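K.L.:
I'll drop the sequence and a predicted model, then ask my questions.
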Amino acid sequence: MIAGRGFEYSIDEVVVFTIEAGETFSRMLSIRREVPTDGDIACDTHVHTRTHSGHGDATVQERMITIAAAGIELPIATDHNAHIDHDPFARQMNVRLY
């Protein structure tokens, strides 16, 4: 399991292991900012969703969460042959800052 928050931050990880049914496991992971980006804008210029292009690894709702978690401020929808506005989905998932 790996925790991160985009390119500005370090990562932390825990080695994968097996727990039995009914067991629980808790581990605190710690990340820190490593690259100063004040004044810059974080972009992903090639965002796909399984919802709109039929491929990719996330629905549009899941993608809004991964975009927010990575600190992406300017995602560009590139779902093929479709014009997609991410704003209503970001609002639905409550990850829109403004």
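P.N.:
Everything's here; your move. Numbers count the residues shown, from 1 in each chain.
K.L.:
and the residue lying closest to Ile41 once chain neighbours are set aside, what pLDDT?
P.N.:
In this structure, Ile41 finds its nearest non-sequential neighbour in Glu73, 5.1 Å apart by CB to CB, 6 or more residues apart in numbering. All C-beta spots, glycine's among them, are computed from the backbone N, C-alpha and C. Glu73 carries a pLDDT score of 90 in this model.
K.L.:
How about Asp79?
P.N.:
87.
K.L.:
for Arg27, same thing?
P.N.:
So, for Arg27, pLDDT stands at 85.
K.L.:
Backbone dihedrals for Pro88, both of them.
P.N.:
Dihedral angles of Pro88 (phi, psi; degrees, to the nearest 10) stand at phi -60, psi -30.
K.L.:
any idea how far Leu74 is from it?
P.N.:
Distance from Pro88 to Leu74, counting by CB to CB, to the nearest Å: 17 Å.
K.L.:
Do a quick rundown of the helices in this protein.
P.N.:
50-53, 60-69, 87-92 (DSSP state H).
K.L.:
closest one to Asp79 among the ones you listed?
P.N.:
Among those, helix 50-53 comes nearest to Asp79, with 3.7 Å by CB to CB.
K.L.:
Let me see the mean pLDDT of that closest one.
P.N.:
Helix 50-53 comes out at a mean pLDDT of 90.
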